[in-house]
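Chemist: Quick one, structure for this:
(4 chains)
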2 protein chains.
Amino acid sequence: MTPLDLVDEAALRAEDSPKLGRKRDHTRDADILDAALEVLAETGYDGMTVDMVAARAKAGKATLYRRWPSKAELVLDAVACLKRADSDPAKLPDTGTLRGDLVALIKTPSIEDGERKLQIMAGIVSMLSRSPELADAAQAAIVEPRARVNRLLMRRAIDRGEISADVDIDTLSMVSTAMVSHRVLMLRKPVTREFLISLIDNVILPAAGIPRAPASSASSSSR
Amino acid sequence: MTPLDLVDEAALRAEDSPKLGRKRDHTRDADILDAALEVLAETGYDGMTVDMVAARAKAGKATLYRRWPSKAELVLDAVACLKRADSDPAKLPDTGTLRGDLVALIKTPSIEDGERKLQIMAGIVSMLSRSPELADAAQAAIVEPRARVNRLLMRRAIDRGEISADVDIDTLSMVSTAMVSHRVLMLRKPVTREFLISLIDNVILPAAGIPRAPASSASSSSR
DNA sequence: TCTATACGGAACTTGCGAGTTTCGGATATA
DNA sequence: TATATCCGAAACTCGCAAGTTCCGTATAGA
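Modeler: Residues are numbered from 1 along each chain as shown, chains lettered A, B, ... in the order given. Next up is the predicted model:
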């Protein structure tokens, strides 16, 4: 019995990557980064202490400093390593209509995940102007994936002939993200399914050239 | 010797109005609050020190603490006293068309003022979840006035018969604000006049039921 | 001119959090 | 069992910023 797996894993942990670079799938590193994101979302960057993160990850503070040189770099790494599972192009809905695709994107886990990311964003906004690296990381990990999905769906709608090619997709793909951010961060109201559907039907689709509610009378459309 | 004025004024400052109350036109108070807003916009709440504000206002730190019990209350007061000149209903443009009104709203000073408010907002976002009072103040002083103007303009357009009464004005009036916030805070791109005009022509007006590009090239191939 | 008040400035005290060091105890190899 | 390594926990150092106190001075009223 040669437990190569374990040997390999231990070796990976111990000796490799003195810099930072790679992130392993499921090492203690990941636990710590997750803990950092949790605390970050709850208290914001300045409210977050390294002791909090260590306690949350059930690790010693010294362990954190053995792996990251400073609190700033820990947070940067945590944001940069935020999972971007969204961008998987094959998993996107394809219902045949833009409205169907956009509505299919609304699922409870997706909403919660979005709110979490927004909380993280709220915790670091004030840093972004002083830390371009963090700004880039947040942009790539939080902002861009959302817009990309919408952009893809809308491009499909153009290819399919559902909407005009003149539609300003680059702007329109950010409307939902911007409205959700605004609602959560500024208005501090919850993001409900109704809000999102209303946004699709009353703003995004009309702006894309699809006229409003063909069945505007009674609510109907139960499911 | 009964200098009633001074007694009254001192009393007002020192003990009265725990809420917010009046802001004098041109006292040292206003200078200090302005300085606080400047520093807040530049460094964010946590980066801001009371010494910075005092230095900026050419005041002693003790003077600040004679008037506000803590840094938190100083900032709260500063945000609450942000001038809301926008909401003057008489000064609103009235060009006869919704597009004309919205475009008339874009003026360089207005853009700069908006960016400044956004910077202030960025500096306090992470506090809002822990300080409902600050959240309310920011809402009332920064977020709401913007939406109110748009709402008014759109209501006029409905009254005038330019757009349908079915249009979701409450949502639509926030689109520009949300998009600008998103662009400044998340994308960290400048807010140009072109961006705002494109937003009006490609998103807001179409969403309000006004078809695109009155002076567009060809296209307009509605089925 | 005299006096009270508030001011600016600067020197404090205090608490907290970043980053460091130490140490006892796991775990794994031989 | 012996040994090397990494870990968690806790006890440090140290700098910074909130809040306080004190003092010399400017100003306004009498």
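Chemist: Next up, the contacts around A:Ala135.
Modeler: For A:Ala135, the contact set (Cβ atoms under 8 Å, 6 or more residues apart in numbering or on different chains) comprises A:Leu128, A:Ser129, B:Arg188. From N, CA and C alone the C-beta is placed, and that goes for glycine too.
Chemist: let's see 6 Å
Modeler: Contacts for A:Ala135 were tallied using Cβ atoms under 6 Å, 6 or more residues apart in numbering or on different chains; they are A:Leu128, B:Arg188.
Chemist: And the strand or helix carrying it, what's buried?
Modeler: Of the helices and strands defined by DSSP states H and E, A:Ala135 is found in helix A:132-138. Using 16 or more other Cβ atoms under 10 Å in any protein chain shown as the burial criterion, the residues of helix A:132-138 that qualify are A:Leu134, A:Ala135, A:Ala137, A:Ala138.
Chemist: how many other residues sit next to A:Arg66?
Modeler: Residues within reach of A:Arg66, counting by other Cβ atoms under 10 Å in any protein chain shown, total 10.
Chemist: Could you do A:Ser70 as well?
Modeler: Counted with other Cβ under 10 Å, the neighbours of A:Ser70 add up to 11.
Chemist: Was I right to think A:Lys189 contacts A:Arg183?
Modeler: Yes. Using Cβ atoms under 6 Å, A:Lys189 makes contact with A:Arg183 at a distance of 5.3 Å.
Chemist: okay, these two: which has more neighbours?
Modeler: Per other Cβ under 10 Å, whichever of A:Lys189 and A:Arg183 has more neighbours is A:Arg183, with 21 against 10.
Chemist: can you list the domain ranges for chain A.
Modeler: Annotated domains of chain A cover A:25-80, A:85-207 [automatic domain parsing].
Chemist: mind saving the C-alpha coords of stretch A:202-212 as CSV?
Modeler: Below are the C-alpha coordinates for stretch A:202-212, written out as CSV (Å, rounded to 0.1, in the frame of the first residue of the first chain):
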residue,chain,number,x,y,z
ASN,A,202,-40.0,46.6,-17.4
VAL,A,203,-36.5,47.7,-18.2
ILE,A,204,-34.2,45.3,-19.9
LEU,A,205,-36.5,43.7,-22.5
PRO,A,206,-38.1,47.0,-23.5
ALA,A,207,-34.7,48.5,-23.8
ALA,A,208,-33.7,45.6,-26.0
GLY,A,209,-36.6,46.4,-28.3
ILE,A,210,-39.0,43.7,-27.1
PRO,A,211,-42.3,45.4,-26.3
ARG,A,212,-43.8,45.1,-22.8
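Chemist: ok, that stretch near chain B or not?
Modeler: Yes. Stretch A:202-212 is in contact with chain B by Cβ under 6 Å from any Cβ of the partner chain, via A:Asn202, A:Val203, A:Pro206, A:Ala207.
Chemist: Between these, which sits nearest DNA strand C?
Modeler: Nearest to DNA strand C among the residues of stretch A:202-212 next to chain B, counting by Cβ to the nearest atom of the strand, is A:Val203 at 40.6 Å.
Chemist: re the thing from before, turn the domains of chain A into JSON lines, columns for mean pLDDT.
Modeler: Converted to JSON lines, these look like this (pLDDT from 0 to 100):
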{"stretch": "domain A:25-80", "mean pLDDT": "95"}
{"stretch": "domain A:85-207", "mean pLDDT": "95"}
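Chemist: between these, which gets nearest to B:Lys91?
Modeler: Evaluated over the domains of chain A, closeness to B:Lys91 peaks at domain A:85-207, with 24.2 Å, by Cβ to Cβ.
Chemist: so the residue most central in space within chain A, which of the three states?
Modeler: Centroid-nearest residue in chain A, with Cα atoms, centre = their mean: A:Ile142, separated by 4.0 Å. Per DSSP: H, G, I helix; E, B strand; the rest coil, the secondary structure class of A:Ile142 is helix.
Chemist: So what touches the helix or strand harbouring A:Val53?
Modeler: A:Val53 is located in helix A:50-56, with elements delineated by DSSP H and E. By Cβ under 6 Å, 6+ apart, the residues outside helix A:50-56 that reach it are A:Ala35, A:Ala36, A:Val39, A:Lys61, A:Leu64, A:Lys71.
Chemist: What distance do you get for the third one to chain B?
Modeler: Right, A:Val39. Going from A:Val39 to chain B by Cβ to the nearest Cβ, to the nearest Å gives 12 Å.
Chemist: Now do the same contact list for that residue.
Modeler: A:Met48, A:Met52, A:Val53, A:Arg56.
Chemist: State the distance from the residue nearest to the centre of chain A to A:Arg148.
Modeler: In this view, A:Ile142 and A:Arg148 are 12 Å apart by Cβ to Cβ, to the nearest Å.
Chemist: With A:Glu112 instead?
Modeler: Distance from A:Glu112 to A:Arg148, counting by Cβ to Cβ: 20 Å.
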